[in-house]
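>>> Pasted the sequence and its predicted model underneath.
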Amino acid sequence: MKASAGGQITIRTAQAKDAPRLAALSGQLAYTATPDEILRRLPRLARDHEHVVFVAEDGSGTVIAWTHAFVCHLLEADPQTEVSVLVVDEARRGNGVGRLLMECVEQWARQKNCWAVRVRSNVTRERAHAFYGRLGYETVKTQRVFRKTLLPRGSGK
């Protein structure tokens, strides 16, 4: 169990029972994953030792935040961990929960022998930028992200 300014917080790996709450929290960042989609994807990630999904529970057992990180193998660089998402319930932001999750990601990354943790953040999320800066992360690049849809959503089972 870990403590934060907002009370007792427990960090653990995500479980199937968390899917509805993970989807609801995702929606707060405009990520539209449904509980069924998360429930379908989570077991695959749980089996892959190079992915981790951590959740933060408050003292009543409610999931108030979560993050997904993975080892990124590149030809041009040594392995690093990338945080694909970090979301803290809007009502619980600023209480140290995000920091606790990032500390867990960093510890996990060290165990995976990753030389760095990388986070991408939308240019409009200035509060998130300040948060990562306070944790010692520095801006190393500004870029555009391009995507080409190849299959209908939900077909990547």
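Here it is on my side, so go on.

>>> C-alpha only now, for contacts and for neighbours.
Noted.

>>> Give me the pLDDT value at the residue most central in space within the chain.
Centroid-nearest residue in the chain, with CA atoms, centre = their mean: residue 67, separated by 2.1 Å. For residue 67, the model assigns a pLDDT of 98.

>>> and stretch 128-139, which residues are buried?
Using 16 or more other CA atoms under 10 Å as the test for burial, stretch 128-139 gives 129, 132.

>>> Pretty sure the residue nearest to the centre of the chain sits in a helix.
No - under DSSP: H, G, I helix; E, B strand; the rest coil, residue 67 falls outside any helix and is assigned strand.

>>> quick one: contacts for it?
Applying CA atoms under 8 Å, 6 or more residues apart in numbering to residue 67 gives the contacts 53, 54, 55, 83, 84, 85, 86, 87, 101.

>>> for the residue lying closest to it once chain neighbours are set aside, what are its contacts?
Closest residue to residue 67 apart from its sequence neighbours, by CA to CA, 6 or more residues apart in numbering: residue 86 at 4.3 Å. Counting by CA under 8 Å, 6+ apart, residue 86 touches 65, 66, 67, 68, 98.
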